[in-house]
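# sequence unavailable; structure follows:
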């Protein structure tokens, strides 16, 4: 089992920045691909970004390319999502996910085995 705990969400004005963190425990963190998903009210959960076990490969949704950056610190068992140039359409609950693999992170929520409880991000003036 892997336990994931997100933090760093909050209220931010349009154009602002936030950094989300996801702390993992329970298994060898470096054996897992990690990802961030988000779910807005009334919408399906959607892929935001993914990172391979050794940070060698990152994948982004088109809607966040150039604005969001996913990175990880295996020594701290933590994955991060740096979010810049936020707009109201980024408002959602953001979830961290994990999959034990040395492969490329997938973009389908069904591919991941472990999930955090989510952290709310609200972009509003």
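That came through fine. The structure presented is a predicted model; accordingly, all values stated were derived computationally and were not measured.
# state the helix or strand in which residue 62 lies.
Residue 62 belongs to no helix or strand when elements are defined using DSSP states H and E.
# pLDDT below threshold where in this structure?
Along the chain, no part satisfies pLDDT under 70.
# where does the residue nearest the centre of it land in three-state SS?
When CA atoms, centre = their mean is applied to the chain, the residue found nearest the centroid is residue 36 (2.2 Å). Here residue 36 is strand, with the state taken from DSSP: H, G, I helix; E, B strand; the rest coil.
# same question, residue 103
coil.
# my guess is it contacts residue 50. True?
No: Residue 103 is not in contact with residue 50 according to CB atoms under 8 Å; the separation is 10.7 Å. Where you see a C-beta, it was placed from the backbone N, CA and C, and this is true even at glycine.
# neighbour count for these two, which is higher?
residue 50 (25 against 10; other CB atoms under 10 Å).
# tell me how far that one lies from residue 123.
22 Å (CB to CB, to the nearest Å).
# same question for residue 17.
11 Å.
# list residues touching both of these two?
In terms of CB atoms under 8 Å, 6 or more residues apart in numbering, residue 17 and residue 123 are both contacted by the residues residue 86.
# so between those two, which is more surrounded?
Comparing residue 17 with residue 123 by other CB under 10 Å, the one with more neighbours is residue 123, at 19 against 11.
# common neighbours of residue 103 and residue 50, please.
Joint contacts of residue 103 and residue 50 (CB under 8 Å, 6+ apart) are residue 33.
# what segments of this structure are strands?
3-7, 10-12, 18-25, 32-39, 46-51, 58-60, 68-73, 78-83, 92-100, 114-115, 119-123 (DSSP state E).
# buried deepest among those strands, which one?
Comparing the strands of the chain by mean neighbour count (mean count of other CB atoms under 10 Å), strand 32-39 ranks first with a mean of 25.
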